[in-house]
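Undergrad: Please find the sequence and the predicted model below.
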Amino acid sequence: MTDTAPLDDTTTGSPAEGAGDRLIETDVTTTDREMAPADSVIETRDLAVYYGEEQALAPTTMAIPEHRVTAIIGPSGCGKSTFLRCINRMNDLIDGCSVDGELDFRGKNVYDEDVDPVALRRKIGMVFQKPNPFPKSIRENVAYGLRVQGKDDGDVDATVESALRRAALWDEVKDQLDSSGLDLSGGQQQRLCIARAIAPDPEVILMDEPASALDPVATSKVEDLITELAEDYTVVVVTHNMQQAARISDRTAVFLTGGELVEYDDTQRIFQNPEDQRVEDYITGKFG
Amino acid sequence: MARKDYQEKLADLRGDVLYMSELVIERLRQGLDALERKDERLARDVIEGDHEINQLYLDLEQDCIDLLALQQPVAGDLRFIASAFKIITDLERIGDLATNLAGYAEDAEQDRYPDVDVQSLGDEVIEMVETAMDAFADEDVEACREIATHDDEIDAMCEDASQTVVRDLIEREFGPDVPQAEIEELMQDVSRLLLTIRDLERVGDHAVNIAARTLYMVESDDELIY
């Protein structure tokens, strides 16, 4: 299960080190989370994003519950991927991108100066639209994050097996761990990327259109996996596929043109009786 | 507007449900007329015409299934299709009850109990179905709630009518001189009359179901669904 490493320290120091600027409370245990599984793990307050002068995300305030799947939907250019990338500061890598407001991960603003984005990304992993395994063996793909973090002194094989099992891929690849990850099918490659994301034991997994490049069978497997992952992780998934959002998520946020978060509620509510007429029009196909 | 074909199919379904309701209401009226006039030919038309309603029901049910399977409706569209799916079942059952009324027409002898006004009761429940379908067409939630309230009055009227018949039966004295055939004929008339009252009361219940599904369709409110 997840540890409680601080994010102001790029080493893998013990939870007792680096006190004062932790993003993760050291007294939050697995048991605590199981008792209160719907507590917010990420909260934004007036979070806004600009690319140069252009506002890509209007001031957004929302709370993402722990151990739940939160779907983000909306038309192209509505800011949903921009929002997702804010959560683990991937937007830092985009020239001209600036962020206003606050995004708290376990009560700590990830945009504070003392937060190390690399450490943040260890706690908040990401899976992208197109499967992007490294040109390495299956084993090394999964172990990559551990090696980068210097965590490869323990039983790496056990961690690799655990991650592949949690990614529902172990049974399919256990006899070919030294084969190239690139030899796998598209669906298997995406699950390999999910295994790679969970091997360092993050708390949150961000997924940006994780099944849009997959066939229906592979999509079903990834969707099942997302639901299972929510038992151990908080999952935030951006998808263009509204039916997919309806199938797999507990909460749904609808962004519309202008980067505005128009409605955020239980998925059942959004797809059966949304409050905002614009959301009704969008999800029923009358708009966009 | 996006998804033009889908929007047209939704509009078609709405129109077809309303058409089915017109057909069913017409059959209900004919069933009542046949009963009043003891018109065997009209009764036969109603009974044979039920096949048309059943086929229409099956066609619309398939349309609903197709929309659910192929279009993945959500929100207001989903509630509309789910409601239509239920409403056509109520309409089909009302059609069956119309054939029951027509079936009673052949041997009906309603005059035994002039205090029991089957035709007025029939007019009341027909109006309820018409009002429920108007509420569906106009998405009128207030009308839906009024129908549910009105059904309590219909139930009371049916209860009174049934009691009138049963009380008379209890109080009636059958002496030894009354032929057995006459008693049996009376019992058959009474049974038919009680069944007629029960069927009309059920038509009212189906009208309430239609109103309940309409309220759910418009406001996602399950207040009247029970």
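TA: On my side now, so go ahead. Residues are numbered from 1 along each chain as shown, chains lettered A, B, ... in the order given.
Undergrad: switch to C-alpha atoms for all contacts and neighbour counts from now on
TA: Will do.
Undergrad: List the buried residues of the helix or strand containing residue B:133.
TA: Assigned by DSSP states H and E, residue B:133 falls within helix B:118-138. Within helix B:118-138, the residues scored as buried using 16 or more other CA atoms under 10 Å in any protein chain shown are B:118, B:121-122, B:124-136.
Undergrad: for these, which one is nearest chain A?
TA: Sorting the buried residues of helix B:118-138 by distance to chain A puts residue B:136 at the head of the list, at 18.0 Å, by CA to the nearest CA.
Undergrad: and the gap between the closest one and residue B:100?
TA: When CA to CA, to the nearest Å is the yardstick, residue B:136 and residue B:100 sit 26 Å from each other.
Undergrad: Assign a three-state SS to residue A:263, would you?
TA: Three-state call for residue A:263 (DSSP: H, G, I helix; E, B strand; the rest coil): strand.
Undergrad: Not counting sequence-adjacent ones, nearest residue to the closest residue to chain A within chain B?
TA: Chain B approaches chain A most closely through residue B:75 (3.9 Å), counting by CA to the nearest CA. Taking CA to CA, 6 or more residues apart in numbering or on different chains, and ignoring the residues beside it in sequence, residue B:75 has residue A:272 as its nearest neighbour in space, at 3.9 Å.
Undergrad: for residue B:89, same thing?
TA: For residue B:89, ignoring the flanking residues on the chain, the nearest one in space by CA to CA, 6+ apart is residue B:57 at 7.2 Å.
Undergrad: The one you found: neighbouring residues, count only.
TA: As a burial measure, residue B:57 scores 22 neighbours (other CA atoms under 10 Å in any protein chain shown).
Undergrad: Buried residues in the helix or strand where it lies, which are they?
TA: Assigned by DSSP H and E, residue B:57 belongs to helix B:40-71. Burial within helix B:40-71, assessed by neighbour count using 16+ other CA under 10 Å, is assigned to B:40, B:42-47, B:49-50, B:53-54, B:56-57, B:60-61, B:63-64, B:67-68.
Undergrad: Also stretch A:197-217?
TA: Buried residues in stretch A:197-217, counted by 16+ other CA under 10 Å: A:197-211, A:214.
Undergrad: and which of the residues you listed is nearest residue A:57?
TA: Using CA to CA, residue A:208 comes nearest to residue A:57 of the buried residues of stretch A:197-217, at 16.4 Å.
Undergrad: pLDDT value on the closest one, please?
TA: In this model, residue A:208 is scored at 95, pLDDT.
Undergrad: Point out where chain B drops to low pLDDT.
TA: B:1-2, B:108-111 (pLDDT under 70).
Undergrad: can you list contacts of the host helix or strand of residue A:144?
TA: Counting by DSSP H and E, the element that carries residue A:144 is helix A:138-148. The set of residues that contact helix A:138-148 without belonging to it, under CA atoms under 8 Å, 6 or more residues apart in numbering or on different chains, is A:133-134, A:152, A:156-157, A:159-160, A:163-164, A:176-181, A:192-193, A:195-197, A:199-200.
Undergrad: got it, and stretch A:72-83?
TA: The contact list for stretch A:72-83 (CA under 8 Å, 6+ apart) reads A:49, A:56-57, A:91, A:208, A:236-242, A:245, A:252-260, A:282, A:288.
Undergrad: one more time with 6 Å
TA: A:56-57, A:238-239, A:252-259 (CA atoms under 6 Å, 6 or more residues apart in numbering or on different chains).
Undergrad: out of those residues, which are buried?
TA: The neighbour-count criterion (16+ other CA under 10 Å) marks A:56-57, A:238-239, A:252-257, A:259 among the contacts of stretch A:72-83 as buried.
Undergrad: Turn those residues into a markdown table, columns for distance to chain B and pLDDT.
TA: Compiled in a markdown table, these are given as follows (distance: CA to the nearest CA, whole Å; pLDDT from 0 to 100):
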| residue | distance to chain B | pLDDT |
| --- | --- | --- |
| A:56 | 25 | 96 |
| A:57 | 25 | 97 |
| A:238 | 19 | 97 |
| A:239 | 16 | 96 |
| A:252 | 14 | 97 |
| A:253 | 15 | 98 |
| A:254 | 14 | 97 |
| A:255 | 17 | 97 |
| A:256 | 16 | 95 |
| A:257 | 16 | 89 |
| A:259 | 21 | 94 |
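Undergrad: Take these and keep only those in helices.
TA: In helices, judged by DSSP state H, none of those are found.
Undergrad: Could you work out the most separated pair of those residues?
TA: Between all members of the buried ones among the contacts of stretch A:72-83, the longest pairwise span (CA to CA) is found for A:56 and A:252 and amounts to 19.5 Å.
Undergrad: which residue does chain A bring closest to chain B?
TA: Scanning chain A for the residue nearest chain B gives residue A:272, at 3.9 Å (criterion: CA to the nearest CA).
Undergrad: phi, psi of that residue?
TA: Residue A:272 adopts backbone torsions of phi -110, psi -30, taken as degrees, to the nearest 10.
Undergrad: What ranges does the chain have for its helices?
TA: As the question left the chain open, I've gone with chain A. A:30-35, A:80-87, A:117-123, A:138-148, A:156-166, A:170-173, A:186-198, A:216-229, A:242-248, A:267-272, A:277-283.
Undergrad: try again with chain B
TA: In chain order, chain B shows helices spanning B:4-37, B:40-71, B:75-105, B:118-138, B:141-171, B:180-219, with DSSP H as the criterion.
Undergrad: Kindly state the beta-bridge partners for the residue nearest the centre of chain A.
TA: The structure's chain A has its C-alpha centroid closest to residue A:206; by CA atoms, centre = their mean the separation is 1.2 Å. Beta-bridge pairing for residue A:206 (DSSP bridges): residue A:126, residue A:236.
Undergrad: can you tell me which residues contact it?
TA: Contacts of residue A:206 (CA under 6 Å, 6+ apart): A:126, A:235-237.
Undergrad: Which members of those residues are classed as buried?
TA: A residue is treated as buried here by neighbour count (16+ other CA under 10 Å); on that basis the buried members of the contacts of residue A:206 are A:126, A:235-237.
Undergrad: would you list those in CSV and tack on pLDDT and distance to residue A:172?
TA: Listed next are those as CSV, based on pLDDT from 0 to 100; distance: CA to CA, whole Å:
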residue, pLDDT, distance to residue A:172
A:126, 94, 23
A:235, 97, 24
A:236, 98, 26
A:237, 98, 25
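Undergrad: Using a markdown table, lay out those residues together with distance to residue A:86.
TA: Formatted as a markdown table, the entries for these read as follows, by distance: CA to CA, whole Å:
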| residue | distance to residue A:86 |
| --- | --- |
| A:126 | 12 |
| A:235 | 15 |
| A:236 | 12 |
| A:237 | 13 |
